[in-house]
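In: What follows is a predicted protein model with its sequence.
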Amino acid sequence: MLRKIYNRSILSITRFLLHLLLNRKHSNSKKTGFEEVNDIMQKFQTNLITNQQLTVDLTEGPVPGRNKNSRRLITAFESNRDKREEENFYVKVARDWVSDLTRKRHRTALACIIIFLGLYLSGLFLNQYISGWSGAVILCGMFVCPILGFFSAALGRGWKKWVLLSVNLLLLSVFIMIIV
């Protein structure tokens, strides 16, 4: 049980860290600047092959992936198997594996905005029924949601990142005005 949780968390953390590595700027690198990504993905490939989840020719092995992240990793290797002779093969596999994390960050930031608005409206309309612990829970939720939304939006990309950052900062200032 603990081994499964450990493996799942390692895959999730590694996927997130690869996402951060692939999005950083490489100003002082000579070739690709993704040596760490290549090393990590080579280790994942050898582990998948030894666990028979991936064959040597980079097709799905007889043992299915144990969780969603490992199935996505296997799919990323399968979709890029015709490019395995290229120099940046592992970088392409890693980009395919972490491609949807930006959208998830935007969705998380948007969900934090919606939760904040729901808590604010429930506090506004149900204020005569709210007291004690329920009021404390609503206030804690109104404090945590903009902060989580801000950090989640900061990991995003493009114009949505800036819109979500500004809206979450606005909601945090609204919370501060409510408290003061």
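Out: Yes, it's here. Since the model is a prediction, treat every value here as computed from it, not as a measurement.
In: in the helix or strand of the chain with the lowest mean pLDDT, what counts as buried?
Out: Sorting the helices and strands of the chain by mean pLDDT, DSSP states H and E puts helix 2-23 at the bottom, at a mean of 82. By neighbour count on 16 or more other C-beta atoms under 10 Å, the buried set for helix 2-23 is 11, 14-15, 18-19, 21-22. Where C-beta positions appear, they are placed from N, C-alpha and C, glycine not excepted.
In: got it, and stretch 111-122?
Out: Buried residues in stretch 111-122, counted by 16+ other C-beta under 10 Å: 112-113, 115-116, 119-120.
In: where does the residue of the chain positioned farthest from its centre fall, helix, sheet strand or coil?
Out: Computed with C-alpha atoms, centre = their mean, the residue of the chain farthest from its C-alpha average is Gln128, at 39.1 Å. Following DSSP: H, G, I helix; E, B strand; the rest coil, we place Gln128 in the coil state.
In: Please parse this structure into its domains.
Out: Following automatic domain parsing, one finds the domains of the chain at 2-26+33-97, 101-179.
In: ranking the ones you listed by mean pLDDT, which is last?
Out: Lowest mean pLDDT of the domains of the chain: domain 2-26+33-97, a mean of 84.
In: Please compute how far it lies from its chain's middle.
Out: 15 Å (C-alpha atoms, centre = their mean, to the nearest Å).
In: Let me see the contact set for the residue sitting nearest the centre point of the chain.
Out: Centroid-nearest residue in the chain: Leu101, 4.3 Å away (criterion: C-alpha atoms, centre = their mean). The contact partners of Leu101, by C-beta atoms under 8 Å, 6 or more residues apart in numbering, come to 15-16, 19, 155.
In: ok, it to Glu36 distance?
Out: In this view, Leu101 and Glu36 are 17 Å apart by C-beta to C-beta, to the nearest Å.
In: all helices for the chain, in order.
Out: With DSSP state H as the criterion, the chain has helices at 2-23, 35-50, 68-79, 89-97, 101-125, 133-154, 158-179.
In: Format those as CSV; extra columns: distance to Leu58.
Out: Formatted as CSV, the helices of the chain follow (distance: least, C-beta to C-beta, whole Å):
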stretch, distance to Leu58
helix 2-23, 18
helix 35-50, 8
helix 68-79, 5
helix 89-97, 9
helix 101-125, 23
helix 133-154, 33
helix 158-179, 31
